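Undergrad: kindly generate the corresponding structure for this input.
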Amino acid sequence: MAIRQMARAVYRRFSSGGKVLGEEEKAAENVYIKKIEKEKLEKLAHKGPKPEETTAADVGGSAAEAKASEPTSTKGISTDIHKNYAVVAGTVTGLSALGWYLLSRDKKTEELQD
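TA: You can find the predicted model right below:
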């Protein structure tokens, strides 16, 4: 959804040839863009599902086989590479700070008294 809004903003910015659009022109352009998007969605719906999107249940397999062939859920596993790097960097930094703290404490040594 965010990509669609960004595309609209970029399209609106460069389609006008640099001029600032009035409110009526913006509204007309929004209607036109929504109409084009609706037509694209209708075209895709009219074509039907792609062959690789069909499951085993669609081609005659049982529902249990179709469910077993689906990939396991990865809920809770991040796919954002930047977030993953941040978590690793934070963990390494925390462990380093803890190690530095523990190793920098004064060591008590026994001194011989006369």
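Undergrad: when you work out contacts or count neighbours from here on, use the C-alpha atoms and nothing else.
TA: Fine.
Undergrad: and the strand or helix carrying residue 30, what's its mean pLDDT?
TA: Following DSSP states H and E, one finds residue 30 within helix 23-47. Here helix 23-47 scores 89 as its mean pLDDT.
Undergrad: same question for stretch 95-103.
TA: 93.
Undergrad: okay, now residue 75: neighbour count?
TA: 6 (other C-alpha atoms under 10 Å).
Undergrad: how is it assigned, secondary-structure-wise?
TA: Three-state call for residue 75 (DSSP: H, G, I helix; E, B strand; the rest coil): coil.
Undergrad: that one and residue 2: what is the separation?
TA: 22 Å (C-alpha to C-alpha, to the nearest Å).
Undergrad: residue 88 too?
TA: Computed with C-alpha to C-alpha, the distance linking residue 88 and residue 2 is 28 Å.
Undergrad: comparing those two, which shows the higher neighbour count?
TA: residue 88 (12 against 7).
Undergrad: need the pLDDT of that one.
TA: If you check residue 88, the pLDDT there is 94.
Undergrad: so how far is residue 94 from it?
TA: According to C-alpha to C-alpha, residue 88 and residue 94 sit 10 Å apart.
Undergrad: try residue 78
TA: Using C-alpha to C-alpha, one gets 21 Å for the distance from residue 78 to residue 94.
Undergrad: got it, and residue 6?
TA: Look at residue 6 and residue 94: by C-alpha to C-alpha, they are 38 Å apart.
Undergrad: ok, residue 30 next?
TA: On the measure of C-alpha to C-alpha, residue 30 and residue 94 end up 50 Å apart.
Undergrad: same check, this time on residue 46
TA: 55 Å.
Undergrad: which of those two has more neighbours?
TA: residue 94 (12 against 9).
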